[in-house]
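K.L.:
can you look at this prediction? I've put the sequence above it.
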Amino acid sequence: MLFIVSWTISAQNRNAAIERFLKTGGAPPAGVNMLGRWHAIGASSGFGIAEASDPVAIQKWVLEWNDLMTMEVHAALTDEQMAPLLAAVGQH
């Protein structure tokens, strides 16, 4: 299953978040495959796309970081997964 993970870091936590990121690389725990991560220019925010078969592993990752940043997680579908759903809606 794919997940969109976005984060925002407050000014108060910026330096601590940078320090932790440089120390750990921000790597996810076992069971989570990070497909990509992007950082917003001029802001302390960004998002990543991760894959996991168990959402518990995603929650573990969030718990490793949410003391320093606000994180949002959304389950995601690919175009191939979404197209049949959209087609079915169009037939009603």
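P.N.:
Sure thing, it's come through. Residues are numbered from 1 along each chain as shown.

K.L.:
need the contact list for the closest residue to G26 other than its chain neighbours.
P.N.:
Of all residues not flanking G26 in the chain, R37 sits nearest, at 7.2 Å (Cβ to Cβ, 6 or more residues apart in numbering). To be clear about C-beta, it is placed using only N, CA and C from the backbone, and glycine gets the same treatment. Counting by Cβ atoms under 8 Å, 6 or more residues apart in numbering, R37 touches 26, 46-49.

K.L.:
report the beta-bridge partners for R37.
P.N.:
Under DSSP bridges, the beta-bridge partners of R37 are G48.

K.L.:
what kind of secondary structure is N13 in?
P.N.:
Reducing the assignment at N13 to three states with DSSP: H, G, I helix; E, B strand; the rest coil gives helix.

K.L.:
my guess is S53 contacts N33. True?
P.N.:
No: in terms of Cβ atoms under 8 Å, S53 does not count as a neighbour of N33; the distance is 9.6 Å.

K.L.:
helices of this structure, start to end?
P.N.:
Using DSSP state H, the helices found in the chain span residues 14-24, 55-65, 79-90.

K.L.:
can you tell me which of the ones you listed is nearest to W7?
P.N.:
Across those, the minimum distance to W7, taken as Cβ to Cβ, is reached by helix 55-65, at 7.1 Å.

K.L.:
from K23, how far out is G48?
P.N.:
When distances are taken as Cβ to Cβ, to the nearest Å, G48 and K23 turn out to be 18 Å apart.

K.L.:
who has more neighbours out of these two?
P.N.:
Summary of the neighbour comparison: G48 and K23, criterion other Cβ atoms under 10 Å, with G48 having more neighbours (19 against 8).
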